[in-house]
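Enquirer: with the input below, show me the fold.
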Amino acid sequence: MRTTPAPVTRSAELPALSVTPAGYAELVLGLWLRGGGEDTPAADELHTMAPLVPMPVWGAKRPAVERLAAVRTARQAKNAWSVTIAVTFKEPVRDRTDATNAAPSVRYFALPVLAKDAGTAAAFAVPAAPMEVAAPRVLEETATPYERQVPDGSALASTVAEFLTAYLGAEGGAERYLAPGVRLPALVASSFASVQVDELRAVQATGGKPGQDGTTVRVQAMVTATDAAGGQWPLSYALAFTARAGRWEVTALQSGLEDKTGKAKTASSTTHAVPNSTAVTTQTVVAGEATARTWGITR
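Expert: The predicted structure follows:
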């Protein structure tokens with residue numbers, strides 16, 4: 001006699017919530033800095049989020065905050081984090097009349113944050129007041145793969161200058177410098193009147209001539225872009241070029257963090273496979289924000 005197995009019931013698995021205490025810490029610190037005593041609207045808001053945190057009491061002048069940004073989130077235990085937040089104040093970097101009374105415009109505060117998933121939401125707690133801490137250590141400048149100077153007046157130098165002039169809006173028509181299949185997101189706002197290449201260096205040894213088809217080179221251009229009001233913007237662009245039909249064509253706008261082999265040094269930049277094409281991970285600036293994009297280059 002054959003028996004039918006009993007049906008197996010599997011409960012649907014919901015994706016685990018990603019607890020991100022940095023944003024919560026920024027909100028709490030922002031309310032704390034807006035305070036000026038317990039009887040303020042900021043204090044009422046703060047105590048709904050962090051009832052254990054006392055409010056500061058300011059003297060004749062309340063510090064004016066311009067911006068907050070979380071710069072470090074360190075996990076201390078399973079549900080505990082220490083979040084370091086940079087605060088930009090609307091103060092001079094130093095008192096020019098008295099160098100001993102320096103007033104830094106950027107200061108750093110660490111907040112203890114408890115956070116965990118609670119059903120379909122996240123739960124947070126800030127068990128103590130902020131602590132002011134030292135600024136993060138500045139890393140020494142890392143070695144660059146762009147070690148070789150590109151000759152002035154070479155075909156490569158001219159193409160870089162013409163492409164960036166077009167891309168940054170001084171002339172327009174940057175598409176004509178792109179390799180077939182490459183799509184370049186246009187800048188939302190480009191008001192530069194001129195672009196000057198101050199320094200151009202490459203990873204590969206090159207005399208600047210295109211050479212045979214398929215020859216590749218990666219360069220980093222340091223430029224000064226001048227806007228319509230005369231403002232000068234120092235910018236840098238990492239570009240990959242491929243030779244085709246006696247000319248250099250842009251194949252990628254990169255982050256500048258790639259090593260000599262072309263692989264990105266950061267874990268956030270990855271290369272994904274694209275059917276019938278080679279995917280190139282790029283870093284581009286759109287509307288003032290850095291966003292990672294992947295361009296498929298048809299071969």
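
Enquirer: now the one helix or strand A43 maps to - C-alpha only, CSV.
Expert: Taking DSSP states H and E as the criterion, A43 maps to helix 41-49. Taking C-alpha atoms only, helix 41-49 is exported to CSV below (Å, rounded to 0.1, in the frame of the first residue of the first chain):
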residue,chain,number,x,y,z
PRO,A,41,10.6,72.3,21.8
ALA,A,42,13.9,70.6,20.9
ALA,A,43,14.0,69.1,24.4
ASP,A,44,10.5,67.7,24.0
GLU,A,45,11.4,66.1,20.7
LEU,A,46,14.7,64.7,22.1
HIS,A,47,13.1,63.1,25.1
THR,A,48,10.7,61.2,22.9
MET,A,49,13.8,59.6,21.2
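
Enquirer: what's it packed up against?
Expert: Packing contacts for helix 41-49, counted by 3 or more CB pairs under 8 Å, 6 or more residues apart in numbering; DSSP states H and E, involve helix 21-34. All C-beta atoms are positioned from the backbone trio N, CA, C, and that covers glycine.

Enquirer: between the helix it packs on and helix 41-49, how many degrees?
Expert: Angle, helix 21-34 to helix 41-49, by axes from the mean of the first three to the mean of the last three CA atoms, to 10 degrees: 150 degrees.

Enquirer: helix 21-34 - what's its average pLDDT?
Expert: If you average the pLDDT over helix 21-34, you get 94.

Enquirer: shaky segments in the stretch 51-200 of the chain?
Expert: Flagging of the stretch 51-200 of the chain using pLDDT under 70 yields the residue ranges 92-104, 170-171, 188-190.

Enquirer: now the helices for it?
Expert: Secondary structure of the stretch 51-200 of the chain by DSSP state H, counting those that start in this stretch: the helices cover 155-167.

Enquirer: strands of that one, residue ranges please.
Expert: Counting by DSSP state E, counting those that start in this stretch, the stretch 51-200 of the chain has strands at residues 65-77, 80-89, 106-118, 121-125, 131-133, 148-149, 192-202.

Enquirer: hmm, who's touching the fifth one?
Expert: I take that to be strand 131-133. With contact meaning CB atoms under 8 Å, 6 or more residues apart in numbering, strand 131-133 is reached by 84, 107-110.

Enquirer: now with 10 Å, please.
Expert: 72, 82, 84-85, 87, 107-112 (CB atoms under 10 Å, 6 or more residues apart in numbering).

Enquirer: got it, and the fourth one?
Expert: By CB under 10 Å, 6+ apart, the residues outside strand 121-125 that reach it are 17-21, 23-25, 27-28, 49-52, 79-81, 112-118.

Enquirer: from P234, how far out is G246?
Expert: In this structure, G246 and P234 are 33 Å apart, going by CB to CB, to the nearest Å.

Enquirer: T159 too?
Expert: T159 sits 21 Å away from P234 when distances are taken as CB to CB.

Enquirer: ok, now A245?
Expert: Shown here: A245 relative to P234, a distance of 34 Å by CB to CB.
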